[in-house]
Every structure is written in structure tokens, then in C-alpha cells.
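In: after the sequence you'll find the predicted model.
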Amino acid sequence: MKILETRIAKSKDIAVISTILATSWKSAYRGIVADDYLNHLENNHWVEFLTTGLANGNIFAMVFVDEHNIIGVAII
């Protein structure tokens with residue numbers, strides 16, 4: 001049985017977190033949000049938002065790591 005590591009997100013995680021968010025949006029909001037928007041949603045869409053938010057403390061994020069890969073994120 002694999003055990004997931006849960007840890008506070010670091011600035012080095014931002015690109016991966018942004019990719020997870022983009023992938024999630026493309027799946028979860030298909031049929032709700034316009035396809036054109038989702039089809040053009042880039043993996044780096046949230047990088048600036050996350051960078052600023054983590055740096056100034058307005059965002060708190062946890063990542064879930066399976067061995068060496070971030071597989072999930074929770075953002076508050």
C-alpha cells in the first residue's frame with residue numbers, strides 16, 4: 001500500500017499546481033464553461049495568481065505527493 005505525503009506547497013510546486021488546476025477545470029467544467037475557453041486554457045494559467053498568493057500569505061496550499069510526483073492539491 002502506497003502512502004501519500006502531504007505537505008505545505010512550496011514556490012517550486014507552482015507550475016505543477018497550475019497544471020493540476022488546468023487539467024481539473026478541463027474535466028470538471030466541460031459542458032458548463034464554454035468549450036472555447038477550456039480548449040484554450042493553458043497549464044500556466046494560475047502561475048501568477050499562485051506565486052503572488054503564496055508569497056503574500058493570501059493563499060495556503062497543501063500538495064499530495066505519491067513517491068516523487070505531486071498528484072493533488074488543496075488550496076485555501
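Out: That came through, no problem.
In: in the strand or helix carrying F64, which residues are buried?
Out: If you go by DSSP states H and E, F64 is part of strand 61-66. Across strand 61-66, burial judged by 16 or more other C-beta atoms under 10 Å covers A61, V63. All C-beta atoms are positioned from the backbone trio N, CA, C, and that covers glycine.
In: what's the angle from whichever helix or strand comes after that strand to strand 61-66?
Out: Following strand 61-66 in sequence order, the next helix or strand is strand 69-75 (DSSP H and E). Strand 69-75 and strand 61-66 are oriented at 150 degrees to each other (axes from the mean of the first three to the mean of the last three C-alpha atoms, to 10 degrees).
In: so what touches strand 69-75?
Out: Contact partners of strand 69-75, identified using C-beta atoms under 8 Å, 6 or more residues apart in numbering, comprise 4, 9, 13, 16-17, 20-21, 59-65.
In: next, format the residues you listed as TSV and append pLDDT.
Out: TSV is the format used below for these (pLDDT from 0 to 100):
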residue	pLDDT
L4	89
A9	97
D13	97
V16	98
I17	98
I20	98
L21	98
I59	95
F60	96
A61	97
M62	98
V63	98
F64	97
V65	96
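In: I76: which of these is nearest?
Out: F60 (4.6 Å; C-beta to C-beta).
In: about what we covered before: ok, so of the contacts of strand 69-75, who is nearest H45?
Out: Taking the contacts of strand 69-75 together and measuring to H45 by C-beta to C-beta, the closest member is L21, at 7.4 Å.
In: count the neighbours of the closest one for me.
Out: Neighbours of L21 under the rule other C-beta atoms under 10 Å: 19.
In: how far away is it from K2?
Out: 23 Å (C-beta to C-beta, to the nearest Å).
In: who does the residue lying closest to V16 once chain neighbours are set aside bridge with?
Out: Nearest-residue entry for V16: I70, 4.7 Å, with adjacent residues in sequence omitted and distances by C-beta to C-beta, 6 or more residues apart in numbering. When bridges are called by DSSP bridges, I70 pairs up with V65.
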